[in-house]
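Chemist: my questions are about this predicted structure, shown below with the sequence.
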Amino acid sequence: MSQSAKLRYDDKTIELPIITGSENERAVDIRSLRGNTGLVTLDDGYGNTGACQSHITFIDGEQGVLRYRGYPIEKLAEKSTFVETAYLLIFGELPTEAQLTEYRRLLTRHQFIHEDMRHHFDGFPPTAAPMAILSAMVNAAGCFQPELRQPEEDDKLMEAAARIMSKIRTIAAASFRKSIGKPINYPRSDLRYTANFLHMMFSLPFDPYEPPSEVVKALDTLLILHADHEQNCSTSTVRMVGSSRASLYASISAGVCALWGPLHGGANAAVVDMLSKLQQSGESVESLVAKVKRKDSGVRLMGFGHRVYKNFDPRAKIIKTACHAVLRELGVNNPLLELALELEEIALRDDYFLERKLYPNVDFYSGIIMSAIGIPINMFTVMFAIGRLPGWIAHWREVRTNPDSRIDRPRQIYVGPTLRSYVPLEKR
Ligand code: CMC
């Protein structure tokens, strides 16, 4: 039986249908609201707003559940690879062996960036933030494949997705090499996705870097955990930009910028920064927690809290285990991990965090893994972007293949000055 909600306003009652998702999530469909009443809704930060119906990722924030296309994140982290998970997200099904082989072939084929693009790196100062370079270069890459800028059909999308996934990794590694003044490494066709990235990051001309398998596995897991997270800030940005019919490359470039902020993808760097400062200053964990609880201090516990998860972030559980494993394998004794564990323990016993349901999120441990691998702090958010790319592509595709899709254009409640008379300059 279809349900509805009734809204009484002035002397009118209108009925608003209830929409039920495949996991029984329910929403009031307000699409007729403004037409029938002249009212709009106000929901800053969109905490109560469903912006779309999506087939891609399911999150139950109360239960700590995350599934890509129906598959639990725990299973994918254990059994899958980043490339296979990317295929699943973008195309909706796990690939057959033949499909995966073909997708890998395309990734290898498109791993180089155009030689002319390599010169673009020279235009950035050595101090340029890798996220700025990444955003600019993704947009620039679109100029080299004009025929693939709007790849709505599946055969074109396969080619475009492989190109952009492969190139973003090459661009990311090149931006790192540029920032440390070392020669940019060409990719290697004999290496798989994640190992190839590590080679481009760390190989020297006469000293090739052969990453330990545990490092490749940890990084691959990290990328899987970041691959999608439904309507987060950067994905919503990609969807919004895509809704104007902007190209895949332009939409993803915008997503990179949205991810950059410290409340979103920048949090992983902020966590390591926070832990390092704690270590260097000798301040106690208790004192930091006390500071965080004093609202006027303006200090937040980075890597804690989430708009959607009001229980453990399931990604944080997986990453915590991976973090221990990789540090053990590498024989690294990282004092930041000790501090993180101490901080987590104290925060999880504290009423401030319990009452607000603030738990460690994916970023609490990801920075520690990346530090152990040798990835510098200013590259952390770039790693997040490489991981999130399949999700962005999947969401762009969902917007562009939806025949009912319209340009995203929210309303507002204007609270500025009412009509004023223009005063000429000489009279002000
Ligand atoms: N430290 C201390 N207090 C916090 C924190 C924190 N990390 N996060 C939220 N709170 C408090 C906040 O002050 C507020 O308290 P009160 O109700 O007394 O005013 C309450 O908890 C609710 O916070 P909010 O700001 O309304 O929550 P939000 O949903 O708008 O923000 C968040 C979510 C992730 C931006 C926020 O928790 C935060 O700033 N966390 C630290 C940054 C971080 O780790 N970000 C990574 C998120 S996971 C990766 C991703 O998906 O991008």
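Modeler: Alright, I've got the coordinates. Every value quoted in this text rests on a predicted model; they were computed, and no experiment measured them.

Chemist: the stretch 201-350 of the chain: helices as residue ranges?
Modeler: 213-226, 233-243, 248-259, 267-281, 285-293, 314-330, 335-347 (DSSP state H, counting those that start in this stretch).

Chemist: now for the residue lying closest to Leu219 once chain neighbours are set aside: which residues touch it?
Modeler: Distance criterion CB to CB, 6 or more residues apart in numbering; nearest residue to Leu219, sequence neighbours excluded, is Thr194 at 5.1 Å. C-beta: built from backbone N, CA, C; applies to glycine. Listed by CB atoms under 8 Å, 6 or more residues apart in numbering, the contact set of Thr194 reads Phe82, Val216, Leu219, Asp220, Leu223.

Chemist: and Ala160, by the same measure?
Modeler: Ala160 sits in contact with Gln145, Leu148, Pro151, Leu248, where contact means CB under 8 Å, 6+ apart.

Chemist: the third one contacts Glu159, doesn't it?
Modeler: In this case it means Pro151. Yes. Pro151 lies in contact with Glu159 (CB atoms under 8 Å); the separation is 7.0 Å.

Chemist: the two: which is more packed in?
Modeler: Neighbours per residue (other CB atoms under 10 Å) separate Pro151 from Glu159, with Pro151 holding more: 24 against 17.

Chemist: residues in contact with the more buried one?
Modeler: Counting by CB under 8 Å, 6+ apart, Pro151 has contacts Leu157, Glu159, Ala160, Ala161, Leu248.

Chemist: one more time with 6 Å, if that's ok
Modeler: Leu157, Ala160 (CB atoms under 6 Å, 6 or more residues apart in numbering).

Chemist: any idea how far it lies from the ligand?
Modeler: 27 Å (CB to the nearest ligand atom, to the nearest Å).

Chemist: and if you look at Asn361?
Modeler: 4 Å.

Chemist: hang on, that residue packs against His306?
Modeler: Yes. Judged on CB atoms under 6 Å, Asn361 makes contact with His306 at a distance of 4.8 Å.

Chemist: now do the shared contacts for these two.
Modeler: Joint contacts of Asn361 and His306 (CB under 6 Å, 6+ apart) are Asp313.

Chemist: tell me if the helix or strand hosting Ala394 is near the ligand.
Modeler: If you go by DSSP states H and E, Ala394 is part of helix 380-401. No. Residues of helix 380-401 are not located near the ligand by CB under 6 Å from any ligand atom, the shortest gap being 7.9 Å.

Chemist: list the buried residues in that helix.
Modeler: 380-400 (16 or more other CB atoms under 10 Å).

Chemist: got the residues of this protein near the ligand?
Modeler: Counting by CB under 6 Å from any ligand atom, the residues of the chain that sit close to the ligand are 45, 229, 232, 263-265, 267, 292, 300-307, 356, 358, 361-363.

Chemist: list buried residues within these.
Modeler: 229, 232, 264-265, 267, 292, 300-306, 358, 361-363.

Chemist: can you tell me how far the residue of the chain found nearest the ligand is from Glu426?
Modeler: The nearest approach of the chain to the ligand comes at Gly305, 2.4 Å away (CB to the nearest ligand atom). Distance, Gly305 to Glu426, using CB to CB, to the nearest Å: 53 Å.

Chemist: grab the nearest non-local neighbour of Leu106.
Modeler: Excluding its sequence neighbours, the residue lying closest to Leu106 (CB to CB, 6+ apart) is Ala162, at 3.5 Å.

Chemist: please name the residues that touch the one you found.
Modeler: If you count contacts by CB under 6 Å, 6+ apart, then Ala162 has Leu106, Leu107, His110 around it.

Chemist: ok, the second one touching Lys167?
Modeler: Looking back up the chat, that one is Leu107. No. Taking contacts as CB under 6 Å, Leu107 lies outside contact range of Lys167: 9.8 Å.
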